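Visitor: any chance you could fold what I've pasted below:
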Amino acid sequence: MANPYRSKQGLSARPVGNSDEIQLRIDPVHSDLDEEISGLHRQVTQLKSVAQEIETEVQVQNDLVSDLQTLMSRAQTGVKNGMRRLNKNVIQQKSNHVLQVIIFGLFCFGMVYLWSKLFKR
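Guide: Residues are numbered from 1 along each chain as shown. Predicted coordinates:
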């Protein structure tokens with residue numbers, strides 16, 4: 001046995017004084033590791049581009065949500081103002097209705113008074 005720490009993939013681990021540390025040495029005989037590293041690098045690049053696209057989409061969605069919230073608050077304010085105006089008009093129409101009844105009563109009383117004055121002679 002030439003090297004007891006040699007692995008099948010071309011990596012070897014050497015014991016170090018501190019048990020938390022491990023040193024790895026890559027054997028240049030196995031070129032498959034370079035291809036694996038290149039493949040992993042391509043995958044990481046693809047994942048990074050997907051993550052950036054997701055981030056862009058999230059920003060667009062957040063902008064839409066904030067625009068909708070602004071629109072809804074404006075609509076709510078408009079509805080409140082409309083309800084306030086409608087309530088004022090209803091109250092005013094009720095008081096106008098009473099005023100119209102009073103005017104009609106006075107008109108009828110006046111007509112009866114004039115009619116009684118004209119036909120009394």
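Visitor: tell me where the chain has helices.
Guide: Secondary structure of the chain (DSSP state H): helices at 32-120.
Visitor: sketch out the low-pLDDT regions of it for me.
Guide: 1-31, 95, 121 (pLDDT under 70).
Visitor: find the residue at the geometric middle of it.
Guide: Val65 (2.9 Å; Cα atoms, centre = their mean).
Visitor: state the distance from that residue to Met83.
Guide: Counting by Cβ to Cβ, to the nearest Å, the separation of Val65 from Met83 is 27 Å. All C-beta atoms are positioned from the backbone trio N, CA, C, and that covers glycine.
Visitor: returning to what we had before: tell me the contacts of the residue nearest to the centre of the chain?
Guide: Residues near Val65 by Cβ atoms under 8 Å, 6 or more residues apart in numbering: none.
Visitor: against Thr56, how distant is Arg120?
Guide: Let me fix one detail, which is that residue 120 is Lys and not Arg. 94 Å.
Visitor: more neighbours, the two?
Guide: Taking neighbours as other Cβ atoms under 10 Å, Lys120 and Thr56 compare with Thr56 leading, 10 against 6.
Visitor: I'd like to know how far Leu99 sits from Glu57.
Guide: 62 Å.
Visitor: sorry, wrong one. I was asking about Gly39.
Guide: 27 Å.
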